[in-house]
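Novice: sharing a model prediction with you, sequence too.
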Amino acid sequence: MGHDILGYDQSGKQIAYARFSMSNYNADVLYNVLDSEEHNAGVSGAFARSNFSVQQIELALRKFIQSHENKYSLKGNDPDNVQIKKFLENCLEIAEKEGKVEVCFM
């Protein structure tokens, strides 16, 4: 069991991926900044999909950076923080191009 969180473009191509073990609290961080706690089934995602606008992803990325800039290094020291930031940046890139990005919580 674990949390697999995937981002897709409008053609269905996977453009972002984040993976956390079932006991890794950093999964909660990603659910929280995406305001998607209802898709967290505890030991995994709830097998749900949501679309996010540019503004929603920008807000998620801003919340993540602001909450972690003083506590943790975002420059590569913590692999989970790096993967969360990269996931959000990849989703933002697609949302800016296509108007939205789909995220699947498994």
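Specialist: Great, that's in hand. Residues are numbered from 1 along each chain as shown.

Novice: sec struct for residue 61, please.
Specialist: With DSSP: H, G, I helix; E, B strand; the rest coil as the basis, residue 61 sits in helix.

Novice: for the closest residue in space to it that isn't next to it in sequence, what are its contacts?
Specialist: Leaving out its chain neighbours, the residue that sits closest to residue 61 by Cβ to Cβ, 6 or more residues apart in numbering is residue 88, at 4.3 Å. Where you see a C-beta, it was placed from the backbone N, CA and C, and this is true even at glycine. Residue 88 sits next to 16, 33, 57, 60-61, 64 when contact means Cβ atoms under 8 Å, 6 or more residues apart in numbering.

Novice: likewise for residue 16?
Specialist: 6-7, 86-88, 90-91, 94, 101, 103 are the contacts of residue 16 under Cβ under 8 Å, 6+ apart.

Novice: can you select the buried ones among those residues for me in ChimeraX?
Specialist: A single ChimeraX command selects the buried members of those (16 or more other Cβ atoms under 10 Å):
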select :6,7,87,88,90,91,94,101,103
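
Novice: which SS class is the residue minimising distance to the centre of the chain?
Specialist: Note on the chain: the residue nearest the mean C-alpha position is residue 30, at 4.8 Å, using Cα atoms, centre = their mean. Secondary structure, three-state DSSP: residue 30 is helix.

Novice: contacts only, for it.
Specialist: 3, 5, 18, 20, 84, 87.

Novice: returning to what we had before: inside helices: which ones of the contacts of residue 16?
Specialist: 86-88, 90-91, 94 (DSSP state H).

Novice: which one of these is nearest to residue 44?
Specialist: Distance to residue 44 across these (Cβ to Cβ) is lowest for residue 87, with 16.7 Å.

Novice: so the closest one is in contact with residue 4, correct?
Specialist: No - using Cβ atoms under 8 Å as the test, residue 87 is too far from residue 4 to be in contact (11.3 Å).
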